[in-house]
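Enquirer: what's the 3D shape of this:
(2 chains)
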Amino acid sequence: MRYSEMHLPTGREIPSDAEVVSNQLMIRAGMIRKLTSGIYSYLPLGYRVIRKVEQIIREEMNKAGAQEVHLPMVQPAELWQESGRWNYYGKELLRFRDRNNRDYCLGPTHEEVITDLVRNDIKTYRQLPCNLYQIQTKFRDEVRPRFGVMRCREFGMKDAYSFDADEAGAEKSYQKMFTAYNNIFRRCGLQYRPVEADSGSIGGSFSHEFMVMAESGEDAIVFCEQCNYAANLEKAEIARPEKNAHREKDWLPMESIETPAVRTIEEVSSFLNVSSRQIVKTLIFNADGKPCAVLIRGDQEVNEIKVKNYLGAAELTLADDEIIMKATGAPRGFAGAVGIKVQVIADYSIMNLVNMVTGANKEDYHLKNVNIGRDFQVEFFADLRVSEPGDTCPRCIGAIKFVRGIEVGHVFKLGTKYSKAMKASYLDKDGKEKTMIMGCYGIGIGRTVAACIEQNFDQNGIIWPMPLAPYAVIVTPVNINEPDVMKASEDIYAELLACGVEVILDDRDERAGVKFKDADLIGIPLRIVVGPKNLAQGHVELKIRRTGKSSLYATGDVVTEVRKIITSELNEAS
RNA sequence: CGGGGCGUAGCGCAGCUUGGUAGCGCGCUUGCUUUGGGAGCAAGAUGUCGAGUGUUCAAAUCACUCCGCCCCGACCA
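Expert: Sure thing, here's the model as predicted:
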């Protein structure tokens, strides 16, 4: 395409409300524009990149045996009531009414619609397995949209849903998608890694997230340097420690100490001059309306997702003052396990502690030399805390590392959560009715593009990996008013077009510097510079965006060289 | 939802404290010069100063209300 005819509004200034690099560059490079909070338009350049990602996804999904469909974005409330999510999903689900006053929502995900579709058309095991996918707009009314298209409210997503007759089949479908996802992200030229994850509100039993490594990522991930264990921080397991032999001879008599207005771990630690590792933090949670005390070592953090999963609670929040008062008989800050009137579970971290410090369940008092078994009982010990540096790998004995990542894909083994609620069943060989087993698999398209930029930029702009580049080459005549220069540029441009290379001819009447800056900003991997001095020798310059290296080629050879580079970079990724 | 910040030309910002003709840089238009890393000179165009109400002879500026956007937190695919 001729640059002079393109709608490609680039900008020099960094937009004041763009926080992360990818957002700044996507706006400056004329890829996106914000319409309103969390809602973006894609301009021609941006949309080309989106389509590149979509194309790679389509190829790999099709190869994995999935078939493309297109489901409605506007969905009737009835389906969501049937699955139980109309009430459960919360404010993220954008609801509205039509002229007949019927309730609808904008689809934040499509489990309900696809399950409805499949249950009506699939009746027998002969029609299974079945994997359907779509690339479609989702709407989630995010509490706080941020980072441009990385976390927005309206966004393009590829979502796939598998239906199987039995567990073994479901496992196979999951593996196929897992492989397809690896192919997709590798082909996109991303540095990524699949990690074990919590399945969240989508539900289900097992899941992996595909994380693109980036400092700006919203997720923390842990991985083992020795084995291949990797998990989202919220999922990262901590091995059960060895239980020490009872050392009851070390137990000191329990004492009650007055600690006026001393509430937090730091305050207790300095007031009593004991290490926070010796103090037990007692957190009262409200689990579906039932109070529960969670004990953990003072210097560590409770992982609420683990607590929630452990208790099997649908909703878990920290208890309010009223519940705390009722459970402990004291205001916030003095809770302890001794004599507490609620269920007590404890993190492994306190399993081997002796002579602990805890709250006394009495205002302005703490207890010293508290011991498990003598002074209170623990119903269960479990892994309930947040993983931290220094922990060892739960699978081997290696040290774990922490990095940040952007979640670009997520695969879930759903089981029968939706098929059961919505009665998606089939007849098996014996004519018995059985529930289908489902999996669901998502990829954020725009987020993948943004994540790619987070990994591929420099001070001058974006550096596209070849597979996602909106154009592979830009031909830059240094001065369009020199007939020879322009003629040579046009010839090279025509030749590239003729062999199907995606190419821009920068035919604008701008100074060379402006053209170079724009080419760098929009990140075109290869640039052919046609200038009068080199041309007089029969040469043009080929510059590689990523390395900044340039070399001279005869005007007749440069196209061959460019095609060679494109082919090799595309093959390298696949 | 809690805390904080911002809203003035397409973009980035000044002006507001102490009320009195709406400004700067970039971009845009025209002309001349220039032409290998965001050119120079000259002449121009572009604003319901987020909205409303109030105070005042007079409001971008002061007060109140509302709206929008961003950040931190809470929350969450």
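
Enquirer: domain assignment for chain A?
Expert: Dividing chain A into domains by automatic domain parsing, as the record does, gives the ranges A:3-69+A:108-237+A:402-453, A:248-382, A:471-573.

Enquirer: any regions of the stretch 51-200 of chain A where pLDDT drops low?
Expert: For the stretch 51-200 of chain A, residues meeting the criterion pLDDT under 70 lie at A:199-200.

Enquirer: how about the residues of it by RNA strand B?
Expert: A:92, A:108-109, A:140, A:142-147, A:200 (CB under 7 Å from any atom of the strand). Placement of C-beta: from N, CA and C, glycine included.

Enquirer: out of those, flag the one nearest to residue A:467.
Expert: Of all these, the one with the least separation from residue A:467 (CB to CB) is residue A:147, at 23.2 Å.

Enquirer: what is the burial count for the closest residue in space to that closest one that isn't next to it in sequence?
Expert: If you skip the residues right next to it in sequence, residue A:147 has residue A:20 as its closest partner in space, 4.7 Å away by CB to CB, 6 or more residues apart in numbering. By the measure other CB atoms under 10 Å, the count of residues near residue A:20 is 21.

Enquirer: list the contacts of residue A:20.
Expert: Applying CB atoms under 8 Å, 6 or more residues apart in numbering, we find residue A:20 in contact with A:147-148, A:150, A:216, A:450, A:454.

Enquirer: and if you look at residue A:118?
Expert: Contacts of residue A:118 were listed using CB under 8 Å, 6+ apart, and they are A:130, A:132, A:161, A:163, A:424, A:436.

Enquirer: next one: residue A:505
Expert: Under the criterion of CB under 8 Å, 6+ apart, the contact list for residue A:505 reads A:1-3, A:474-475, A:477, A:489-490, A:493.

Enquirer: repeat that for residue A:480.
Expert: By CB under 8 Å, 6+ apart, the residues touching residue A:480 are A:486, A:507-509.

Enquirer: what do you get for residue A:404?
Expert: Counting by CB under 8 Å, 6+ apart, residue A:404 touches A:213-221.

Enquirer: list buried residues within the contacts of residue A:505.
Expert: Neighbour counting with 16 or more other CB atoms under 10 Å marks A:3, A:474-475, A:477, A:489-490, A:493 as buried within the contacts of residue A:505.

Enquirer: start and end of stretch A:424-441, how far apart?
Expert: Across stretch A:424-441, the terminal residues are separated by 19 Å (CA to CA, to the nearest Å).

Enquirer: that should have said stretch A:315-322, apologies.
Expert: Criterion CA to CA; first-to-last residue distance in stretch A:315-322 is 18 Å.

Enquirer: give me phi/psi at the closest residue to RNA strand B within the stretch 451-574 of chain A?
Expert: When distances are taken as CB to the nearest atom of the strand, the stretch 451-574 of chain A reaches nearest to RNA strand B at residue A:531, 1.8 Å away. For residue A:531, the backbone dihedrals are phi -130, psi 160 (criterion: degrees, to the nearest 10).

Enquirer: ok, for it, nearest residue in space, not its chain neighbours?
Expert: What sits nearest to residue A:531 in space, not counting adjacent residues and going by CB to CB, 6+ apart, is residue A:478, at 4.1 Å.

Enquirer: who are the contact partners of the one you found?
Expert: Applying CB under 8 Å, 6+ apart as the definition, the contact partners of residue A:478 turn out to be A:485, A:512, A:515, A:529-532.

Enquirer: out of those, the closest to residue A:399 would be?
Expert: Closest approach between those and residue A:399, by CB to CB: residue A:529, at 49.0 Å.

Enquirer: give the partner strands of whichever helix or strand that closest one is part of in its sheet and their orientations.
Expert: Here residue A:529 is covered by strand A:526-530, with elements defined by DSSP states H and E. When sheet partners are counted by DSSP bridges, strand A:526-530 sits next to strand A:473-477 (parallel), strand A:539-544 (antiparallel).

Enquirer: which stretches of the stretch 301-450 of chain A have low pLDDT?
Expert: Along the stretch 301-450 of chain A, no part satisfies pLDDT under 70.

Enquirer: tally up the residues packed near the one residue in it that gets nearest to RNA strand B, please.
Expert: Proximity of the stretch 301-450 of chain A to RNA strand B (CB to the nearest atom of the strand) peaks at residue A:407, 2.0 Å away. Taking other CB under 10 Å as the neighbour definition, residue A:407 ends up with a count of 23.

Enquirer: likewise residue A:207?
Expert: Around residue A:207 there are 24 other residues, counting by other CB under 10 Å.

Enquirer: wait, isn't it in contact with residue A:409?
Expert: No - in this structure, residue A:207 is not within contact of residue A:409 by CB atoms under 8 Å, at 10.7 Å.

Enquirer: burial of the residue nearest to residue A:75 when sequence neighbours are not counted, as a residue count?
Expert: Nearest in space to residue A:75, with sequence neighbours left out and distances taken as CB to CB, 6+ apart, is residue A:107 at 5.0 Å. For residue A:107, the neighbour count with other CB under 10 Å is 25.

Enquirer: go ahead and confirm residue A:93 touches residue A:80.
Expert: Yes - with contact defined as CB under 8 Å, residue A:93 counts as touching residue A:80 (7.5 Å).

Enquirer: common neighbours of those two, please.
Expert: Overlap between the neighbourhoods of residue A:93 and residue A:80 consists of A:86, A:105, taking contacts as CB under 8 Å, 6+ apart.

Enquirer: and the gap between residue A:268 and residue A:329?
Expert: Residue A:268 sits 19 Å away from residue A:329, taking CB to CB, to the nearest Å as the criterion.

Enquirer: extract the CA atoms of the helix or strand containing residue A:307 and return them as PDB.
Expert: Counting by DSSP H and E, the element that carries residue A:307 is helix A:304-311. Backbone C-alpha positions of helix A:304-311 (Å, rounded to 0.1, in the frame of the first residue of the first chain) are rendered in PDB as follows:
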ATOM      1  CA  GLU A 304      -7.800 -16.400  50.000                       C
ATOM      2  CA  ILE A 305      -8.300 -18.500  46.900                       C
ATOM      3  CA  LYS A 306      -6.800 -21.500  48.600                       C
ATOM      4  CA  VAL A 307      -9.000 -20.900  51.600                       C
ATOM      5  CA  LYS A 308     -12.000 -20.600  49.400                       C
ATOM      6  CA  ASN A 309     -11.200 -23.800  47.500                       C
ATOM      7  CA  TYR A 310     -10.400 -25.600  50.700                       C
ATOM      8  CA  LEU A 311     -13.700 -24.700  52.300                       C
END
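
Enquirer: and the next helix or strand past that helix?
Expert: strand A:316-318.

Enquirer: show the contacting residues for residue A:409.
Expert: When contacts are counted by CB under 8 Å, 6+ apart, residue A:409 touches A:181, A:184-185, A:209-210, A:441-444, A:448.

Enquirer: mind doing that once more with 7 Å?
Expert: The neighbourhood of residue A:409, defined by CB atoms under 7 Å, 6 or more residues apart in numbering, consists of A:181, A:185, A:210, A:442-443.

Enquirer: try residue A:176
Expert: Contact partners of residue A:176, counting by CB under 7 Å, 6+ apart, are A:64-65.

Enquirer: neighbours of residue A:422, how many?
Expert: By other CB under 10 Å, the burial measure for residue A:422, its neighbour count, is 20.
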